[in-house]
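K.L.:
sequence below, structure please.
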Amino acid sequence: MLVEVWSDFACPFCYIGKRHFENALQRFEHKNKVDIVFKSFQLDPNAPMTINKDIHQSLAEKYGMSYEKAKEMGEQVSKQAKTVGLDYYFDTMILTNTFAAHRLSHFAKQQGKMKEMMERLLYAYFTESKNIGDYSTLVELAGEIGIDREQALQVLEENRYANEVLADQQIAARIGVRGVPFFVFNEKYAVSGAQPSDVFLDVLQKVWEEEQEKQPLQILNEKKQTKTEYCTDDSCNIE
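P.N.:
Residues are numbered from 1 along each chain as shown. Prediction:
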């Protein structure tokens, strides 16, 4: 089973949704048969690398609300994050453009470490208040999960994997992704948002059962052959 997950490192519900899905996967009997691929999405692709305002001010301006209301919203999200064991620190969060972080995640995929990179970047952003737009910070995080620091820096400085990030975003637009997290199961079913674990578990079970119910290939013009016949006019049998 293939599960593709579109998310952004600046999305608080993406980390929460990731945990809900992981909790569901742990309860899924066939979890070892599930392949997870993370896809890039940017909530604000035009965001500058350096943003001289905190998250509360940014949200207040974006949604036309008071600073106090924006801060209250952050507190509610933090409480929701705690229910799945995550600690969010909105007051010290460093806002930035996430494009470089997404490029690094694709390099990590090529190194067989995309899952570890995604987790490390999300934790760095929401819990440790690290600047994940800064190359030196990204290199440090890559090194912590076993990726060569010099190679990681080269990837970032040469703008490598930019096309892969853009391709993910184009696919998202084509299939109708309007917000993240967005989970696609076997390119057939989608779950939008940080849904409860039971929702993910139900979808996993549904997709698995459908896979098992697939009918074997039926040969409509099968011919009976004797033991000595291994070739007919249009095919040969394996002896």
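K.L.:
the chain: helices as residue ranges?
P.N.:
12-27, 55-63, 67-82, 99-110, 114-126, 135-144, 149-157, 162-175, 197-212 (DSSP state H).
K.L.:
quick check: phi and psi at residue 133.
P.N.:
With angles defined as degrees, to the nearest 10, residue 133 sits at phi -100, psi -10.
K.L.:
just to revisit the earlier point, most packed of the helices of the chain?
P.N.:
helix 99-110 (a mean of 23; mean count of other Cβ atoms under 10 Å). (C-beta placed from N, C-alpha, C; glycine too.)
K.L.:
contacts made by it with the rest, please.
P.N.:
8-9, 38, 40, 42, 45, 114, 116-118, 121, 132-133, 135, 138, 141-142, 145, 147, 151-152, 155-156, 159-162, 164-165, 168 (Cβ atoms under 8 Å, 6 or more residues apart in numbering).
K.L.:
ok, now how distant is residue 150 from residue 26?
P.N.:
Separation of residue 150 from residue 26 (Cβ to Cβ, to the nearest Å): 36 Å.
K.L.:
now that residue 35 has come up, it's in contact with residue 5, right?
P.N.:
No: the criterion here is Cβ atoms under 8 Å, and residue 35 misses it with residue 5 at 11.2 Å.
K.L.:
who has more neighbours, the two?
P.N.:
When residue 35 and residue 5 are compared for neighbours, residue 5 comes out ahead with 20 against 8, by other Cβ atoms under 10 Å.
K.L.:
residues contacting the more buried one?
P.N.:
18, 21, 36, 37, 38, 39, 181, 182, 183, 184.
K.L.:
before we move on, what about residue 170?
P.N.:
Contacts of residue 170 (Cβ under 8 Å, 6+ apart): none.
K.L.:
roughly how far does it sit from residue 184?
P.N.:
15 Å.
K.L.:
let me know the pLDDT of residue 135.
P.N.:
If you check residue 135, the pLDDT there is 98.
K.L.:
not counting residues beside it along the chain, what's closest to it?
P.N.:
residue 156 (4.9 Å; Cβ to Cβ, 6 or more residues apart in numbering).
K.L.:
and that neighbour, what does it touch?
P.N.:
100, 103, 104, 135, 138, 139.
K.L.:
residue ranges with poor pLDDT in the chain?
P.N.:
Low-confidence segments of the chain, defined by pLDDT under 70, are located at 215-239.
K.L.:
let's see it at 80
P.N.:
Scanning the chain with the threshold set as pLDDT under 80 gives 214-239.
K.L.:
for residue 76, state which of the contacts of residue 5 is nearest.
P.N.:
residue 181 (18.0 Å; Cβ to Cβ).
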